[in-house]
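1. pasting a predicted model and its sequence here:
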Amino acid sequence: MSTHISVPPQMLLERILTLEIVRVTERAAVSAARLRGHGKEKEADQAAVDAMRRELNKLPIEGTVVIGEGERDEAPMLFIGEKVGMNAGPQVDIAVDPLEGTTLCAKNMPGAIATMAMADGGTLLHAPDVYMQKIAVGPGYAKGVVELDASPADNVRRLAKAKGVDAAAITVLVLDRPRHADIIAAIRGTGAAVRLITDGDVAGVIHCADPDNTGVDMYIGTGGAPEGVLAAAALRCIGGQMQCRLILDSEEKRERAHKMGVLDPRMIYGIEDMAKGDCLFAATGVTTGSLLSGVKFRNGVIETETVVMRSVTGTVRYIKAEHRQLEKFHLD
């Protein structure tokens, strides 16, 4: 005789926001890792998307993808508005980037990750897949220590003053893109250092939350809006400040944004404007980088490393897993 134990919705949500969500990013990372170094960006992205969708649909949730892959890169999508889960359990918003760093994976370069965030329904920013201006710093500073509309040089000097150091002691992380040439020159003009990355601005924003270990004090630049919301979810869990603005530079983009509830196209979003309430962020390494180790295939075992964070408790867990049922892991 079996006994059915009723689980309160809040406890169920808490359970989902721990090990259950880790399985989702693990499967996506392993599927993408099988194509590392093959030069097949879209194929690796598709493999991660398919694996993430399969795992999400096994969860006892009523999930809605509010931040997904989009039309800009003609990428395979977990599309905005897609319903996932078993249509039973708590209603949740989901933001995904099944393979952040498709080029990194295709070239087997450091820093590719599979990542997602889950939050109470109606609490994640519904944003179109457009570009977004971003600035972020770690915890421990007065509110407004840096501002999106201040110049890069002013932000470096303000952060240096708040930190009690010279500008030369500040390091700013920036995506290595031609559009950032003026930003890079302005930062270096203060005496501060610039660390350039080729891809992966979710991990880049997370790095500035732990400058003692990463050496990164601030993130500045323009990247994807989906990555901005994912990064905001992470900072909600580990602390820090972030300001963002959607780049809606055409009537078509403004109309898309308006349909998704964006009423002010020039609005500056803080962390809690993008990720409210209880939320969780998880990321699994695909290729080894400064944030996570990549997937390892060896001796009949698949090894993964995942970071999972929860905002309500501020808990950060690093989970190293060994998966031995290889055929099941690959096919399920």
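-> Received the coordinates, thanks.

2. okay, CA-based contacts and neighbour counts for the rest of this
-> Will do.

3. without its sequence neighbours, what residue ends up closest to residue 275?
-> Excluding the flanking residues, the one nearest residue 275 by Cα to Cα, 6 or more residues apart in numbering is residue 124, at 4.7 Å.

4. how about the contacts made by that neighbour?
-> Contacts for residue 124 (Cα atoms under 8 Å, 6 or more residues apart in numbering) come out as 66, 93-95, 229, 273-276.

5. mind giving me the packing neighbours of the helix or strand that residue 66 is a member of?
-> Using DSSP states H and E, the element containing residue 66 is strand 62-67. In terms of contacts (3 or more Cα pairs under 8 Å, 6 or more residues apart in numbering; DSSP states H and E), strand 62-67 is packed against strand 83-84, strand 91-100.

6. so the residue nearest to residue 275 versus residue 306, what's the distance?
-> From residue 124 across to residue 306, the span is 22 Å (Cα to Cα, to the nearest Å).

7. one more: residue 47?
-> For residue 47, the distance to residue 306 equals 18 Å [Cα to Cα].

8. try residue 214
-> 18 Å.

9. higher neighbour count, those two?
-> Taking other Cα atoms under 10 Å, residue 214 and residue 306 do not tie; residue 306 has more neighbours (27 against 15).

10. doesn't that one belong to a helix?
-> No: going by DSSP: H, G, I helix; E, B strand; the rest coil, the assignment for residue 306 is strand, not a helix.

11. okay, and the beta partners of it?
-> residue 284, residue 319 (DSSP bridges).

12. which other helices and strands contact the longest helix seen in the chain?
-> Longest helix of the chain, by residue count under DSSP state H: helix 41-56. Packing partners of helix 41-56 (3+ Cα pairs under 8 Å, 6+ apart): helix 21-33, strand 91-100, helix 102-106.

13. for those, which one sits closest to residue 251?
-> strand 91-100 (24.9 Å; Cα to Cα).

14. list the contacts of the closest one.
-> 25, 28-29, 32, 44-45, 48-49, 52, 61-69, 78, 112-124, 199-200, 202, 226-227, 229-230.
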